[in-house]
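A.B. asks: structure for this input, please:
(2 chains)
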Amino acid sequence: MSKAYAIKTQNLTKNFGELLAVNKIDLTIPYGKTYGLLGPNGAGKTTTVRMLNAIISKTSGNASVGGYDIVAESQKVKMICGFLPEAPGLYSKLTAKEFLEFIGELYYLQKSVISARIDELIELFNLEGRENDLLEGYSRGMKQKVCLCAALIQDPEIIFLDEPTSNLDPAAARMVKDLISQLVKKAEKTIFICTHLLDTAEELCDIIGIIIDGEIKVEGTPKEIIESVGARDLEEAYLKITGASHIDDLLGWREENPNNNHNESKKNKNKKNKRSR
Amino acid sequence: MTVLTTEEVMDSTVTDIKKEASIRLAHQKKSLWKTIARNEIRIRTSSFRNHRMLFFIALYSLLIIWAVVIAPYLFDLFMPTLAEQFSDVFKPVIAITIESIMMMLFLVLVIYPLNNIYKEEEIGSKEILLATPVRANDIFLGEFLGKAPMYSVAILIITPIIVGLINPIINLTVFQYLIIYGIVFGHVYFANLIGSIVGSWIEHKISKNEKARDLGKALVWVFTILLVVIMYAIMFFLNYLLEHPELKNWLAFYPSLWFSNIILYSIDPVLINTFILNIWINVLLAVGIPIITLYLSYRKAESFYTLEGGVEKSSITIIEHENPFYKLVRKISGRKWGGLIVIQLKRFFRKKANIARVAYVVGLLGFMSWFISRMVEDEAMIVFSSTILIAIGGGIGSIIVGHLAFIDSKDLIWVYKRSPRGIKAIVYSYLLMMLIFNIFLTIFVTTMLTIFSDIDLFNTVIFFVEFLIFAEISMCQAMGLQCISPAFGEKDSSMKGNTMISMLLLQPLMFLPISLLIFINPGSVELMRVVIQAPLFLYNIGVSLPLLYFGMKKLNRLE
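C.D. replies: Below is the predicted model:
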């Protein structure tokens, strides 16, 4: 596989029994770019990210991350990648500092480096004063921040972020977006984002892929994707590509079932009463 | 945090990453199981996180004092006298006691890792862990050895008891002490290994799913039933077991016997004469099987430390048609409650852990019916023993299944609260569902009692009605306690608190009938029934209904 690209896949496929989760996807992501993988729930985004991080095995096809094969050189892939999972699951009986120390040790970082990195990240994510609290007392957003710290602790070359801003308040989300931009521009990191937030994708991503039923349907820059379907923005383009239901039909069930119109019939009755008076 | 600060921090981190790369690569060959084990210890001692070292020093000091001073002193107080008084059966009784202690210990230690299957907070962390360079076999070994300090506590508690039992028979040499401690050590760690493997396998097989936790809990109950069976077998069949020592051959492949047989051999080789496996095979199994199991599980750890447990394929349960029983319940219960009761029934019985609970209650009450029937000699005894069965049976049912009304319902409480029917909908529907459960339970217990005691139809009908009413009132008590302090998880502190209160409230139920008969001498059986049962029912109603009333009021005010 090529070392010229941060991520490269050929016919990458994953089956869970008879279920085809990811179907022959081809990705070519250069270094220093931000790639956004968009798609409805169950489209295969998380499975793709897990395969690229060597967390689960592929069924067929090839893939390399940072020039390393995801099967033969899985340890090396893990060394150079940072990963933020969709669910911010943490050991609730550890403090943030203990958890980050643990993750740092798993990446073979030296104690002095771990300590310095934790202080930097705690400050960056505004967790000062809470780093010695047990994680069970953290809000969802704070847990997300700790997970982000864990993904960045070994300063990885390639960073996979599954819904990075979904649990964050607007200020924290803004900070994460700025951080992602800076990681790409200043530190030349490659970022792979899975998100439902189309404005985030449009703002941050150089390349976007839309995955439906395990297949990449469209790929290109946000501008190219918008123009390809004649849409005004990425949201409209996304809805057109994924074939989301039309808003007019959504309240059809009310008219089909007369019992649901009791409020309106009450209004009509009131009107009749008033007239009779 | 401003963007400027972000830039500064990023600059500082980028400069040293290159220097680090070579050092990190040099360390890559290092095994990470120690890191995992250390983390496991940190998790389990988080309550003492500021004084971990002090905690361990204090704990182990106390345990060593127990092992070296307290336990020998306590056993020396009475064991030599017992050994002298019952010298003819002392050795076999001690042998059965040691075997039973180790059998139960094995089950308890296997249960321990199962209790922790897929705690919600650990689901995502498994994904984070697998994304790091740590290998699956290091995770397995680390998690297994990380529990060592906790398991060592079990060794230091149990071994002095075993030593205390043996000491009156033979004066143990240092070598024998070491053998016994070594055997208990091997036994405890093998149980831990089996528990860890079963736990990991369940997690992998059912993966990121509620089912894993459910199956784990169900297994815990199955093992608990086995524990109770062993306990009762020793309590009620000791003489039979002493007369037929060959019976344990049926359990030749139950691992704790391999270990206990070595201890028994060190007391007197005759004690394992009737066992199918000789001492050398026992030693071979006690040493070989744990080592082989550890080696194989270490080598094969990758197959169960993965997220590829078929998350999608195994987590789907399709229910196309409603069970005819539910349809019947809907019809009988009427439009107002039918739907809600069926929902409660489905919610309850679709959890394997709850089915295991029900099996536990049914088994226990079946056994009690049989045991109580042995005491029945005349009609007065029928009344007395059936009253005891009513009191204990109703209480046990409410303690084990009555407290589950709000489990996993934290968000549902609000759904009920804002609905026009309010909180009454969940409380009454659960109580009605429990009424259905109690009807079946009562039919079972009544049948058992009728068969074993051969009681007449009149007494059977009376028992049925009384048991059912009493059990349902006890359910109201459990529900009242849950309303006052709802437990939304089985491990919530309020669950433990409520169960303890229920058990406390149960105590007078057991002593009331006996105490009343001491002070009052009823002339006839009918009068006796009234004398011992009326206060029992009045007490239960007097406690349960106000609890339910105030509980519902409190639940209504929940914010």
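A.B. asks: residues of the stretch 101-250 of chain A that sit close to chain B?
C.D. replies: A:102-103, A:105-110, A:113, A:117, A:120-121, A:123-126, A:134-136, A:147, A:150, A:154-155, A:175, A:178-179, A:182-183, A:186-187 (CB under 8 Å from any CB of the partner chain). Using the backbone N, CA and C atoms, a C-beta is placed for each residue, glycine as well.
A.B. asks: give me that answer again for 7 Å
C.D. replies: By CB under 7 Å from any CB of the partner chain, the residues of the stretch 101-250 of chain A that approach chain B are A:102-103, A:105-110, A:113, A:117, A:120, A:124, A:126, A:134, A:150, A:155, A:175, A:178-179, A:182-183, A:186-187.
A.B. asks: which of the residues you listed fall in helices?
C.D. replies: The members of those that map onto helices under DSSP state H are A:102-103, A:105-106, A:113, A:117, A:120, A:124, A:150, A:175, A:178-179, A:182-183.
A.B. asks: burial check on A:Arg50, number of neighbours?
C.D. replies: Using other CB atoms under 10 Å in any protein chain shown, A:Arg50 is surrounded by 24 other residues.
A.B. asks: nearest residue to it in space, please, no chain neighbours.
C.D. replies: Excluding the flanking residues, the one nearest A:Arg50 by CB to CB, 6 or more residues apart in numbering or on different chains is A:Ile56, at 4.6 Å.
A.B. asks: do the same with B:Leu82
C.D. replies: Among residues not flanking B:Leu82 along the chain, B:Phe90 sits closest, at 7.0 Å (CB to CB, 6+ apart).
A.B. asks: distance check, that neighbour against B:His244.
C.D. replies: 18 Å (CB to CB, to the nearest Å).
A.B. asks: number of residues surrounding whichever residue of chain A sits closest to chain B?
C.D. replies: Among the residues of chain A, A:Gly89 lies nearest to chain B; the distance is 1.8 Å by CB to the nearest CB. Counted by other CB under 10 Å, the residues lying close to A:Gly89 total 22.
A.B. asks: mind listing the strands in the stretch 151-277 of chain A by residue range?
C.D. replies: In the stretch 151-277 of chain A, the strands defined using DSSP state E, counting those that start in this stretch lie at A:158-162, A:190-194, A:207-212, A:215-220.
A.B. asks: which residues are contacting the second one?
C.D. replies: Applying CB atoms under 7 Å, 6 or more residues apart in numbering or on different chains, the external contacts of strand A:190-194 come out as A:6-7, A:29, A:31-37, A:45-46, A:49, A:157-164, A:180, A:183-184, A:201, A:204-205.
A.B. asks: tell me the buried residues within those residues.
C.D. replies: Buried subset of those (neighbour count, 16 or more other CB atoms under 10 Å in any protein chain shown): A:6-7, A:29, A:31-37, A:45-46, A:49, A:157-164, A:180, A:183-184, A:201, A:204-205.
A.B. asks: narrow the residues you listed to those in helices?
C.D. replies: Among the buried ones among the contacts of strand A:190-194, the ones falling in helices (DSSP H) are A:45-46, A:49, A:180, A:183-184, A:201, A:204.
A.B. asks: what would those look like in CSV with pLDDT?
C.D. replies: Shown next, in CSV, are these (pLDDT from 0 to 100):
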residue, pLDDT
A:Lys45, 90
A:Thr46, 89
A:Val49, 92
A:Ile180, 87
A:Leu183, 85
A:Val184, 86
A:Ala201, 88
A:Leu204, 89
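A.B. asks: what's the most distant pair in these?
C.D. replies: A:Thr46 and A:Val184 (22.3 Å; CB to CB).
A.B. asks: contact partners of the host helix or strand of B:Ile57?
C.D. replies: Assessed by DSSP states H and E, B:Ile57 sits inside helix B:52-65. Here helix B:52-65 makes contact (CB under 7 Å, 6+ apart) with B:45, B:48, B:149, B:153, B:156-157.
A.B. asks: compare the residues you listed and tell me which is most surrounded.
C.D. replies: That'd be B:Leu156 among the contacts of helix B:52-65, by other CB under 10 Å, with 19 neighbours.
A.B. asks: can you report phi and psi for it?
C.D. replies: phi -70, psi -20 (degrees, to the nearest 10).
A.B. asks: what's the per-residue pLDDT of it here?
C.D. replies: On pLDDT, B:Leu156 comes in at 92.
A.B. asks: now for it: which residues touch it?
C.D. replies: Counting by CB under 7 Å, 6+ apart, B:Leu156 has contacts B:63, B:66-67.
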